[in-house]
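>>> need a structure here:
(4 chains)
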Number of protein chains: 4
Amino acid sequence: MSTVVKAAIIGATGYGGVELIRLLAGHPQVEVTSVVSSSSAGAPIAEGFPHLLEIQTGMLDDVDPALIKSKADVVFLATPAGVASKIAPSLLAEGLKVIDLSGDHRLKDRAEYETWYKKEAAAQEYLDRAVFGLCEVYGDSVRGADLLSNPGCFPTATLLGLVPAVKAGMIDPASIVIDAKSGVSGAGRGLSLGNHYAEINENFKAYKLNKHQHIPEIEQVLSDAAGKKIVTTFSTHLVPMTRGIMSTMYATMNGTYANEDFVSQYRNYYEGRHFVRIRANGTYPATKEVAGSNYCDIGFAVDPRTNRVTIVSVIDNLVKGAAGQAIQNLNLMMGWDESLGLNFVPVYP
Amino acid sequence: MSTVVKAAIIGATGYGGVELIRLLAGHPQVEVTSVVSSSSAGAPIAEGFPHLLEIQTGMLDDVDPALIKSKADVVFLATPAGVASKIAPSLLAEGLKVIDLSGDHRLKDRAEYETWYKKEAAAQEYLDRAVFGLCEVYGDSVRGADLLSNPGCFPTATLLGLVPAVKAGMIDPASIVIDAKSGVSGAGRGLSLGNHYAEINENFKAYKLNKHQHIPEIEQVLSDAAGKKIVTTFSTHLVPMTRGIMSTMYATMNGTYANEDFVSQYRNYYEGRHFVRIRANGTYPATKEVAGSNYCDIGFAVDPRTNRVTIVSVIDNLVKGAAGQAIQNLNLMMGWDESLGLNFVPVYP
Amino acid sequence: MSTVVKAAIIGATGYGGVELIRLLAGHPQVEVTSVVSSSSAGAPIAEGFPHLLEIQTGMLDDVDPALIKSKADVVFLATPAGVASKIAPSLLAEGLKVIDLSGDHRLKDRAEYETWYKKEAAAQEYLDRAVFGLCEVYGDSVRGADLLSNPGCFPTATLLGLVPAVKAGMIDPASIVIDAKSGVSGAGRGLSLGNHYAEINENFKAYKLNKHQHIPEIEQVLSDAAGKKIVTTFSTHLVPMTRGIMSTMYATMNGTYANEDFVSQYRNYYEGRHFVRIRANGTYPATKEVAGSNYCDIGFAVDPRTNRVTIVSVIDNLVKGAAGQAIQNLNLMMGWDESLGLNFVPVYP
Amino acid sequence: MSTVVKAAIIGATGYGGVELIRLLAGHPQVEVTSVVSSSSAGAPIAEGFPHLLEIQTGMLDDVDPALIKSKADVVFLATPAGVASKIAPSLLAEGLKVIDLSGDHRLKDRAEYETWYKKEAAAQEYLDRAVFGLCEVYGDSVRGADLLSNPGCFPTATLLGLVPAVKAGMIDPASIVIDAKSGVSGAGRGLSLGNHYAEINENFKAYKLNKHQHIPEIEQVLSDAAGKKIVTTFSTHLVPMTRGIMSTMYATMNGTYANEDFVSQYRNYYEGRHFVRIRANGTYPATKEVAGSNYCDIGFAVDPRTNRVTIVSVIDNLVKGAAGQAIQNLNLMMGWDESLGLNFVPVYP
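Below is the predicted model of the structure:
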């Protein structure tokens, strides 16, 4: 017997929301019953996104917890920072399960949130209640969650690339340097010179050096894996492409290891997990090789000359870095196979 | 009871072949049992296409009709011009159904093929036997075909955009001018200065003006629709992007029509067909709005000043223009719903 | 003895203004003495455009005719539609020469302007006084002008590609269809979804079909060349690249001509002109081959099957389509060689 | 009295050679008198590069030292690795000055060259004779050189970003990690899947991790600056754009410094040098801000949390990273101002 879960998506005029619609359209046990937008309520869903014509018919709903409760069992929040913390309590109070794709419930420490996000943090009660859904690391806690905090795009690529080595003590966590690169869709659909085509095309930019709000999220998990407080160097760059994140990570090794040792440790750590693929010895992935899919691919380059290892991890920021991982979390919350409805083959070329 | 059809793909090192693998991975009634490459037989399928790691496992088979027959019921030929005409007869002799994605069986007139392709044509017997699979125009003939000739990418976008108006006598077929634009994947994976990144990026090029081998295919169908011999002006341009085709088509109207008249005629003509979407009055589609999907979207701009209509038609050249339409044809050949396994939402952004 | 002309640029926060700065930096007889911006007056010029650091030092001036007169001899107006018509009179009254890059002084008929631009037209007196600076067609009138109207980007590429054939009677002007394509910089630096990177990248769009405000400008010159009123079909498309325009133009030939006949007629027509290059028989240009330069390259493809000729014309929209042609016009106004300071080799690749 | 130097360019069918033609076209004291290509001798120069039509007329010469001597005073070698070491001796024997843009004369240690380049090294005599032309670091030695070795593109961006801090002892050289990114033109015009448009577009790739042949060149100069042997971690990535390099560099600081301290040290170090621009406190450059120009722009982000500094350095790989720096070296060799003929404003956007 198949259960069908009814889902609402709040924030459907952004790229995260619209990607949820794309991915859920083929999910065998989820039906999208409400698409919600505070700014465009009442308009046809396909008006702002003509690619959804004849696919997601119906009108945009308003942000009304009781209305949403009447239509849905679970709510995805694909909203900007500072919004989810305000609406999650009333949705939870209606008995809805909530999956928050924003940063509002990721940091356990309210002060950290307020330092990095420059906004008021969610109440501690909800931060305690939220489960951080980095599926391949914290999957066991996800089952049974009713408030799921979906990880950020950069932390997903970065942490899946670092946690197994840190846990195994193969690298010195204090030595880690993370050089991350992202396609432009990560910045959302809002307008700014920073995503104006003629400014970004044929251009490669560094931004928010040492200041990105994903830093405390990365440090929170690294510290958990290392068993001690870790601070880290994290840089972000904008790549003239739409989708894709690569984290190139550098660390000093605690001893002498070959590429094979990393391949072997990571394959063990991720055994049985569908969406992490460890590349063969001496090769590393490119972003297009996971585009449109929920995969995270990881490769290694050990350098005996410097005793450092370079770890390369790639994801599609809108899938494994947002909507795909959110659905993977829903699957885990429902006790389904984590890959249900998510077997998208990367779109190549 | 569900029938599962076993499929072989010949030419799996090209973009058409690899797109068939992507699309068929989710088809509920097709299993890809053999992936064939004359140049790389024996190698793992994912070696040349790392995005298929852990998805399409197994080794590439050699081009051996008896071996293919032992594994498959239907064969997709995603081979360069001049190859399909040589191997189709032995595949058909083995009792396999054949779907040819190349140009070898599209033109009924051998002389036309030899003029435009500069190669020896298929035997007349096979040209007569082949059904031209422009699904929304010739779908009725497709049922029961054992040799299916899948249309070219430019003809698909162009003809779906022109046939209803020509059939209705709304435009003068002799006046048609077709200005087509394609992403670079249409040129395949072979190496040439013409697809070297630094030569193509930030560049817009016209090519093969009045000489493209898709011209006779377009004229064959237009002549059929008009009931008389039509010659036409057809230009192709290379767009610095990977996927997508737009045909912008101009014609003098036979009388006074408004946009609504075209919208209405096309909606009638394509009623009940899943993959053609007619845009609302006065709007027209962009290529990204169908990217990764099997849709063909069409819009109109009537100009009373010149008494011409401009018709805009877009597809993803690798999906509706190749692998997707081939699967749609298989669905029709098997008597299934034409959209079975093909409900990919466009990847946006 | 060399005269140095002092130039002011109004509208220096847009792409046209900043391109004037780039090109004039190397001009041997022009010195940019004032860069003007109403929105950012008082700020360092390089603040909004860091590429100008240590190159164009100094602060942005306010829009003040007397101040500008105290610093400059000639003023370039790189302002949005509707602005130049308001400020040109007071600049002319100060005795300044004015070169208007906007559309405000291009159309001789006020009603035409108001129909297509949806704004109030300039006074007829100034429309009569303005010389339309399509250098290779109207160069003789440019000498001595004090109010120069610089042509639009699409009209420049289109008209240089059509005028010689129309003047020679080789094509039927009523049959002309113009399919134009532009890079994104043509839309300026203002923010809109239409130039958001993730919306435009990997996308090809048609826009303003039959409605582009450059249509009456094209028709005005074509009518002049044909000696009778011409209406025409003109379409614009957005190419995912920053710079470049291609006009692909179709026309029925008045008689039987070969490619050589067009090459020969155009080489004669443009003899002695530095910036129009006619491609050899049977070849046609790509946009990158003129990028960053003031060239307009033109090629032909005659089709005996349809008795039509396809004409391909390319420019860099910011150079020959804006700032470069404006400087070429200044050179002509001053009696200098038209290529003075403009010998930029195309940036390739 | 102005001296005009006659220059020959060997390797004119590659991007380095063709960029020399572009930049030298406007040099007031250099005339390109011979363009040489072993593979295409006798063909018109503009045949393979139509953008040079009517600009660089004449035919390609063969590689013949005596012929070159009869036409030129100085020779630029824009040839692949392993070629310059073979032809430089005979050119020098003819009394020509030689500027080698390849890697053949950069490493003083033959064994290093052979380890990293997998080719036979130049004779030690020529390695000793060659001056390494990193202009802003070794400019004094350049004057009077007759065999000039032009630095690699990655070493130029990287070393200009590191040398002043290493010399001042502000950072620990052993801690340096270099994460470099390059546009595709750096890989040259040769054909490979690695520069096939559909493979590279919308893709971000890491390559040659810890194995790039520019590593020993970087280490040679860093060791010189540090006064001890330095090994370093250096990674390269391919960005889907044509031109531009960014090096993002990480190092542990030897003490407590603020951004201002780095700005101040670098401005002092590069005082009077035309082509290095140090960004204001807390800002860092993007690649497009130097595109088409000979600038190297550098910015800093100090992180007190980790006691590391992140240094961002950008160049145009074909200008400051190749042809532009080669001309700057020629200027120094001739005793001219280093910026002569090189004042190209960055092409923006």
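
>>> going forward, measure contacts between C-alpha atoms and count neighbours the same way
Fine.

>>> please, where are all the helices along chain A?
With DSSP state H as the definition, chain A shows helices at residue ranges A:15-24, A:45-48, A:65-71, A:84-93, A:110-117, A:124-129, A:135-142, A:153-167, A:197-200, A:215-226, A:259-269, A:324-333.

>>> partner residues bridging residue A:245?
With DSSP bridges as the criterion, residue A:245 is bridged to residue A:182, residue A:315.

>>> please name the nearest non-neighbouring residue to the residue in the stretch 151-300 of chain A positioned nearest to chain C.
Proximity of the stretch 151-300 of chain A to chain C (Cα to the nearest Cα) peaks at residue A:197, 4.1 Å away. Computed as Cα to Cα, 6 or more residues apart in numbering or on different chains, the closest residue to residue A:197 that is not its neighbour in sequence is residue C:197, at 4.1 Å.

>>> dump the residue contacts of the one you found.
Residues counted as contacts of residue C:197 (Cα atoms under 8 Å, 6 or more residues apart in numbering or on different chains) are A:184, A:195-198, A:200-201, A:242.

>>> those residues, buried ones only, as a PyMOL selection?
Buried members of these, defined by 16 or more other Cα atoms under 10 Å in any protein chain shown, are picked up in PyMOL with:
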select buried, chain A and resi 184+195+196+197+198+200+201+242
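
>>> tell me the pLDDT of residue A:241.
On the pLDDT scale, residue A:241 is placed at 98.

>>> and the gap between it and residue D:125?
47 Å (Cα to Cα, to the nearest Å).

>>> these two: which is more packed in?
More crowded of residue A:241 and residue D:125, by other Cα atoms under 10 Å in any protein chain shown: residue A:241, with 24 against 9.

>>> hmm, the more buried one is touching residue A:183, no?
Yes - contact criterion Cα atoms under 8 Å: residue A:241 and residue A:183 qualify, at 4.9 Å.

>>> burial of residue A:114, as a residue count?
For residue A:114, using other Cα under 10 Å, the count is 14.

>>> equivalent analysis for the one 3 residues further on, please.
Per other Cα under 10 Å, the neighbour tally for residue A:117 reads 18.

>>> from chain B, how far off is the residue nearest to it when sequence neighbours are not counted?
Spatial nearest neighbour of residue A:117, excluding adjacent residues (Cα to Cα, 6+ apart): residue A:213 at 6.1 Å. In this view, residue A:213 and chain B are 24 Å apart by Cα to the nearest Cα, to the nearest Å.

>>> show the pLDDT at residue A:213.
So, for residue A:213, pLDDT stands at 98.

>>> please tell me how far it sits from residue A:23.
Residue A:213 sits 27 Å away from residue A:23, going by Cα to Cα.

>>> neighbour-wise, which of the two wins?
It is residue A:23, of residue A:213 and residue A:23, that has more neighbours when counted by other Cα under 10 Å, with 23 against 17.

>>> correct me, but the more buried one touches residue A:343?
No - Residue A:23 is not in contact with residue A:343 according to Cα under 8 Å; the separation is 9.7 Å.

>>> how many residues are close by residue A:308?
Residue A:308: 26 neighbours (other Cα under 10 Å).

>>> again with residue A:237
Residues lying near residue A:237 (other Cα under 10 Å) number 21.

>>> is it bridged to anything, and to what?
Applying DSSP bridges, one finds that residue A:237 bridges with residue A:181, residue A:206.

>>> and the pLDDT at the residue nearest to residue A:197?
Among the per-residue scores, residue C:197 shows a pLDDT of 98.

>>> same check on residue A:1?
pLDDT, residue A:1: 42.

>>> who touches residue A:48 in this structure?
Residue A:48 neighbours (Cα under 8 Å, 6+ apart): residue A:13.

>>> residue A:79 against residue A:13, yeah?
No - the pair residue A:79 and residue A:13 does not pass the contact test of Cα under 8 Å, sitting 9.4 Å apart.
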